Structure formats: structure tokens, C-alpha cells
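**Q** I would like to see how this sequence folds:
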Amino acid sequence: MPVEPVLHQLTIPTPFAVGDVHIYVLKGDTVTLVDTGPRTKEAWESVTAQLSAIGLQPEDIDQIVLTHHHADHAGLVEEFRHAVLYSHQDSDRFLTRTQSFMDMHDFFYREFFKQLGLPEAYLALIEKMKDPLKPMGNRGADAYITEGDTLPGLDGWRVIETHGHSQGHVSLSSAGEMIGGDILLGHISSNPLIEPPFGINTPRPVPQLQYNDSLKKIAALNPGRVWTGHGDPVLQPLPLIQERLKKQHERAMLVKSMLADKETTAFELCQKLFPSLFKKQLGLTLSETMGQLDYLLANGEIKEAGLAHGAIIYRAEGVTEKV
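**A** Numbers count the residues shown, from 1 in each chain. Have a look, this model is predicted:
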């Protein structure tokens with residue numbers, strides 16, 4: 001008879017503002033590690049010590065499942081070379097970071113920031129945006145996972161695609177339980193982050209819309225508990241999901257009201273929405289601002305009203321222009 005996997009939560013320090021990250025061990029006939037922590041000396045020492053406390057050594061890990069490619073979750077993949085590494089295909093470009101991808105990454109953000117209306121001086125941010133990639137290994141997946149997949153030794157658990165916080169974000173779902181990475185956190189709302197498109201002539205992803213769809217998918221599954229990447233587990237997540245979706249809609253309608261007063265660029269909106277934060281966390285605040293614009297565009301609440309010096313101007317729909 002197969003042994004039912006026992007879930008263990010390990011809490012690992014990170015060098016990032018988000019603080020500690022949770023990774024998970026499913027210990028049964030097959031030993032599965034879900035996420036790895038960042039590639040730092042302190043993280044590796046913490047991982048090995050906590051594995052030892054549950055009777056395991058790093059070489060006992062048979063397989064790794066990455067919920068997503070961010071460095072606090074995927075940094076130590078090279079330390080488990082003997083384990084089979086699973087991720088979603090859309091995560092793999094950040095795991096391997098080939099020169100062609102990084103060139104496309106820089107080109108996309110240069111053009112994207114111009115469309116948002118950023119002054120030339122802010123384009124230096126593109127290099128800083130790559131800083132979080134430094135505490136990462138460089139190892140591509142051995143096999144890709146997608147919606148509905150099951151993994152060796154994890155009968156009863158299946159892969160759920162939960163894109164939005166990142167492209168390629170996945171969760172693992174079992175009866176009443178979910179290991180959710182960063183798709184739903186109890187103490188803060190996850191950031192749907194803008195990422196490059198998957199080809200030169202393809203549209204960029206719209207993470208806010210993906211994120212909302214992922215929250216609705218989790219609500220339909222209605223797990224009793226979501227084990228999170230940060231903070232406490234979320235119990236009975238449906239009320240929290242409903243609250244997050246409601247607040248996101250309200251933020252978007254605030255952005256529409258601002259556009260009703262004056263049509264403007266995404267960067268000018270970002271400055272108004274985050275007057276004290278945008279300079280310190282420009283990438284995050286721009287993703288948040290663009291997420292609201294993507295949502296409003298998809299719902300016909302606003303439109304692109306033209307270009308000014310290469311930047312897209314946004315205008316509210318259904319609002320009488322003021323004389």
C-alpha cells in the first residue's frame with residue numbers, strides 16, 4: 001500500500017523585504033520538496049537543519065516542484081542536482097536566463113517603460129530589476145507540469161495552474177488542502193507582476209486578469225486550508241478571496257475617476273497612486289498601476305486615447321468631458 005505523504009512546513013530566511021519564505025516537504029514513499037528557498041548560505045544552512053529535524057538529508061529529496069520562478073522560492077535548485085525538477089514551462093526562461101532571453105527582457109522593458117511615460121533617467125531601473133535574480137541557481141526543469149498533472153508518489157495531489165503573481169505559477173491541490181506558493185497570502189495582497197511576452201511579436205501577459213482568474217479558480221475549489229509562501233496558512237479562503245477581488249475592483253475604479261479628471265500616462269498615474277513609494281519600488285508600483293489599467297481596459301471602462309512623445313495616454317470612458 002502506498003504511504004500517504006505527510007506535509008512538513010519549513011521556514012527559511014531570505015535577504016528580501018518580504019522576509020521568511022515557507023517551503024514544503026511531502027514525505028511518503030517519494031520525498032517531494034515544494035520550492036527551495038533563496039541561494040544564500042543562511043538559507044542553505046536552514047534548509048539542511050530543518051530537513052535533518054524531520055529525518056532527511058538533501059540527498060533524500062526525490063523530486064522538487066517549483067510553484068514559481070522567483071528567487072526566494074527557486075534559488076537553491078542547483079543544490080539538489082540528484083532530484084527531478086518540475087516546473088511550469090512558462091517559468092523555465094527565468095530559471096535558465098539564456099542570453100537571448102535576457103536581451104529580450106531588457107528590450108521589452110525599455111520599450112514598455114517608454115510607453116508608460118517614464119523619463120529617460122528611470123530607464124536605468126532595468127538593470128536594478130535584475131538584482132532579485134542574483135540569489136538564484138541556473139538550472140532548467142527536467143520536466144514540465146501543467147493543469148491537472150499528478151506526480152510520482154503524490155497520489156491525490158494534482159497541479160493547478162494559478163498564473164498571475166508570475167507567469168507559470170502553479171499550486172498543488174489535494175482534498176481540502178492546497179500548497180499555494182504566493183497566489184494567496186493572508187497578511188498582504190500578492191503583486192501581479194508584469195513580465196516580458198513569450199515572443200518578439202506576441203502581446204505581453206496581463207497578470208492582473210490572470211491573478212483574478214486564479215483567485216476565482218481557488219474559490220471554486222474551496223479548499224479548507226491554503227499553505228502559503230509567506231505568513232500563516234489561510235483557512236477557509238473564500239471570504240478573503242471575495243474581499244481581495246472587491247478591493248481590486250475598487251482600486252481600479254479609483255484609477256478611472258482619476259482619468260475622468262485628466263487623461264494621462266501610466267507613469268503619471270503611478271506617481272499619484274504611490275507618491276511616497278514609487279521611487280523606491282518603481283517596478284512593483286508600475287506593475288500595480290498597469291494592472292488596474294489592464295483591468296479597466298478589459299472591462300471597457302477606459303481606452304487608449306493616443307500617444308504623447310511615445311507614451312500611451314489613457315482616458316476614462318462614459319465620462320462627459322469637463323469644459
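**Q** thought P5 was touching K27?
**A** Yes. Applying Cβ atoms under 8 Å, one finds P5 in contact with K27, separated by 6.1 Å. In this view, the C-beta of every residue, glycine as well, is placed from N, C-alpha and C.
**Q** Okay, buried residues for stretch 80-89 please.
**A** Applying a neighbour-count criterion of 16 or more other Cβ atoms under 10 Å, one finds F80, A83, V84, L85, Y86, S87, H88 buried in stretch 80-89.
**Q** so the fifth one sits in a helix?
**A** By that I understand Y86. No. Counting by DSSP: H, G, I helix; E, B strand; the rest coil, Y86 is located in no helix; its state is strand.
**Q** What residues are bridge-paired with it?
**A** Residues in a beta bridge with Y86, per DSSP bridges, are V65, A143.
**Q** list the contacts for the residue minimising distance to the centre of the chain?
**A** Relative to the mean C-alpha position of the chain, the nearest C-alpha, by Cα atoms, centre = their mean, is the one of H165, at 2.5 Å. H165 sits next to H68, G181, D182, I183, S190, N191, P192, L193, P207, Y211 when contact means Cβ atoms under 8 Å, 6 or more residues apart in numbering.
**Q** and these as JSON lines, adding pLDDT, secondary structure and neighbour count?
**A** As requested, those are exported to JSON lines (pLDDT from 0 to 100; DSSP: H, G, I helix; E, B strand; the rest coil; neighbours: other Cβ atoms under 10 Å):
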{"residue": "H68", "pLDDT": "98", "secondary structure": "coil", "neighbour count": "27"}
{"residue": "G181", "pLDDT": "98", "secondary structure": "coil", "neighbour count": "31"}
{"residue": "D182", "pLDDT": "98", "secondary structure": "coil", "neighbour count": "26"}
{"residue": "I183", "pLDDT": "97", "secondary structure": "coil", "neighbour count": "27"}
{"residue": "S190", "pLDDT": "92", "secondary structure": "coil", "neighbour count": "23"}
{"residue": "N191", "pLDDT": "90", "secondary structure": "coil", "neighbour count": "20"}
{"residue": "P192", "pLDDT": "95", "secondary structure": "coil", "neighbour count": "28"}
{"residue": "L193", "pLDDT": "93", "secondary structure": "coil", "neighbour count": "22"}
{"residue": "P207", "pLDDT": "97", "secondary structure": "helix", "neighbour count": "25"}
{"residue": "Y211", "pLDDT": "98", "secondary structure": "helix", "neighbour count": "28"}
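**Q** Identify, from those, the entry nearest to S257.
**A** P192 (21.4 Å; Cβ to Cβ).
**Q** Show the contacting residues for the nearest residue to that closest one once chain neighbours are set aside.
**A** Counting by Cβ to Cβ, 6 or more residues apart in numbering, P192 lies nearest to P207, which is 3.6 Å off, once chain neighbours are set aside. Counting by Cβ under 8 Å, 6+ apart, P207 touches H163, G164, H165, S166, Q167, P192, L193, I194, E195, S287, G291, D294.
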